[in-house]
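Enquirer: All I have is the shape, not the residue letters:
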């Protein structure tokens, strides 16, 4: 009985949704990034990522780009003897992405309720609730160190939030949105998820997703791979190259310089 | 022009490492120091992760010290025999230093001990060298009190077994002296995470009584081997040597070392010592400033250890 009931519920919702969408000429939210693959070669100095798509008219939009969540251990500075700043320990941040960009059409707190922000991990305060910080002795300390974490990531160009950069245009019955973001060269190779949320009445009403991957190619890739998987040979080559360069320049100077 | 560094995972304007290499290579050729105490913090300042900065710098020093040793060797300023004894000591000391770090870390507060050792060593060495070379520049002609002052220590040194003559340096010592002091520098260098050139140079000048120009060449020879070892270990165990960054640095440093070696011959020993003393003191002041000024960020990337 229960199963049947829930099936009926789903059906009813679907029907309702179809009717509703027919009534408001709605479009399904779409998201597309300009390139799903950023290649890192010798001359790579960051890139740009644009996200565009179609949404229902009248919805606000939030674009989140994040790396998979993971664990990061950072050194913690503190005052020793009330005078000297030095590393006093380590803090472990868990369930945090290494890169986190958040863009919205309007100020996040004006368009979305706190519960929704926490549910979808949108904004730094939601991220803080989602993350784990150890060791901290009190909630106040936890907040302080999470703020420091955000400052550290912001300084490394890996965390950023702002609003008002997404442009929206009406086209027919739809709303087109577009945003262009600078992609920092500090972002390490890997796969990043672009999530777009359509927001109405303080709630997320629709969600779309796409991927951006950053990959090393060519010599950069060969060197990075070799440094890890063939470390002894890599080390030996580095040393031989340095010895060769040192002798080479020495010889040039002897020839060029003549008398010392 | 920017180049991407495959191990540091960052992009850098190539003029920065080439310029830094040139400046630090110049100091290396002039004073016989590796310059790690300058290069590593500067690289970190330009966005290179600290582990990569230290490891890549040692790779670069291999090139700079090869170039510098070669330049000094051509004019007969490398005491290979002394260099070898120091190396043996340095190697043993390095192994001891690595163990010392483990003990310190286990005790906690290792960073405090390391930082304090570093500041004190730099401060004492810099101050002593500064005043000593200032005094010897003033009293150049009188040449009086020196032997009397040193007699206690030198008597003891002379009483040790295995006395041997170092021809290039024109000194006679027990073979134990360079081995013992070499290992002392090795321990400190390993604990502080630096090459130790700024400690080795004063040891050679004040304890081994070697002439300044031979000190520079011999120190470079000794540094060369230390850095080969460190580069290999860093590449092998930590994967933290960035080959591209090292090449950019050594383009500058190999030339800098040659220029430094040529320029150094035009200066007197006292002049070289006093300039090195000033540089060491400036670095000390900078470190003390960093320790006392409020940092803008309270978190940083974890180091290797």
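Expert: Now that the structure is in, tell me what you want to look at. None of these values were measured; they are calculated from a predicted model.
Enquirer: How many neighbouring residues does the residue of the stretch 51-200 of chain B found nearest chain A have?
Expert: Taking C-beta to the nearest C-beta, chain A has its nearest neighbour within the stretch 51-200 of chain B at residue B:66, 2.5 Å off. Heads up, the C-betas are built off the backbone N, CA and C, glycines and all. For residue B:66, the number of neighbouring residues by other C-beta atoms under 10 Å in any protein chain shown comes to 28.
Enquirer: ditto for residue B:196
Expert: Count around residue B:196 with other C-beta under 10 Å applied: 32.
Enquirer: Quick check: it touching residue B:183?
Expert: No. If you go by C-beta atoms under 8 Å, residue B:196 and residue B:183 don't touch, sitting 11.0 Å apart.
Enquirer: okay, and the common contacts of these two?
Expert: Contact criterion C-beta atoms under 8 Å, 6 or more residues apart in numbering or on different chains; residues bridging residue B:196 and residue B:183 by contacting each: residue B:90.
Enquirer: can you list the residues of the stretch 201-305 of chain B near chain A?
Expert: B:228, B:231-232, B:234-237, B:239, B:241-244, B:246-247, B:250-251, B:254-255, B:257-258, B:262, B:265, B:290-303 (C-beta under 8 Å from any C-beta of the partner chain).
Enquirer: where along chain B do the helices fall?
Expert: B:15-31, B:36-45, B:50-74, B:80-107, B:110-138, B:146-159, B:176-192, B:197-202, B:212-233, B:243-265, B:269-292 (DSSP state H).
Enquirer: ok, back up a step: find the nearest non-adjacent residue to the residue of the stretch 51-200 of chain B closest to chain A, please.
Expert: residue A:246 (2.5 Å; C-beta to C-beta, 6 or more residues apart in numbering or on different chains).
Enquirer: Residue A:207 now?
Expert: For residue A:207, the spatially nearest residue (C-beta to C-beta, 6+ apart) is residue A:197, at 5.5 Å.
Enquirer: in its sheet, what does whichever strand or helix holds residue A:195 sit against?
Expert: If you go by DSSP states H and E, residue A:195 is part of strand A:190-200. As defined by DSSP bridges, the strand partners of strand A:190-200 come to strand A:60-66 (antiparallel), strand A:203-216 (antiparallel).
Enquirer: Just list the residues touching residue B:126, thanks.
Expert: Residue B:126 touches B:277, B:278, B:280, B:281, B:283, B:284, counting by C-beta under 8 Å, 6+ apart.
Enquirer: hmm, try it at 6 Å
Expert: If you count contacts by C-beta atoms under 6 Å, 6 or more residues apart in numbering or on different chains, residue B:126 has them with B:277, B:280, B:281, B:284.
Enquirer: Skipping adjacent residues, who's closest to the second one in space?
Expert: When you say that, I think you mean residue B:280. residue B:126 (3.6 Å).
Enquirer: how close does that neighbour get to residue B:248?
Expert: 30 Å (C-beta to C-beta, to the nearest Å).
Enquirer: Enumerate the positions of whatever helix or strand residue A:225 lives in that are buried.
Expert: When elements are assigned from DSSP H and E, residue A:225 belongs to helix A:218-229. Within helix A:218-229, the residues that count as buried by 16 or more other C-beta atoms under 10 Å in any protein chain shown are A:220, A:221, A:223, A:224, A:226, A:227.
Enquirer: just stretch A:243-257 next, same as before
Expert: Neighbour-count burial for stretch A:243-257 [16+ other C-beta under 10 Å]: A:243, A:245, A:246, A:247, A:249, A:250, A:253.
Enquirer: What are the contacting residues of that stretch?
Expert: With C-beta under 6 Å, 6+ apart as the test, stretch A:243-257 has contacts from B:63, B:66, B:67, B:70, B:250, B:254, B:255, B:258.
Enquirer: which ones are touching the second one?
Expert: With contacts defined as C-beta under 6 Å, 6+ apart, the neighbours of residue B:66 are A:243, A:246, A:247, B:224.
Enquirer: Could you do the fifth one as well?
Expert: For residue B:250, the residues meeting the contact criterion (C-beta under 6 Å, 6+ apart) are A:242, A:245, B:60, B:63.
Enquirer: neighbour-wise, which of those residues leads?
Expert: Busiest of those [other C-beta under 10 Å] is residue B:60, holding 37 neighbours.
Enquirer: distance of the residue nearest to residue A:207 from residue A:62?
Expert: From residue A:197 to residue A:62 the distance is 4 Å (C-beta to C-beta).
Enquirer: For burial, what's the neighbour tally of the residue nearest to residue A:207?
Expert: Neighbours of residue A:197 (other C-beta under 10 Å): 26.
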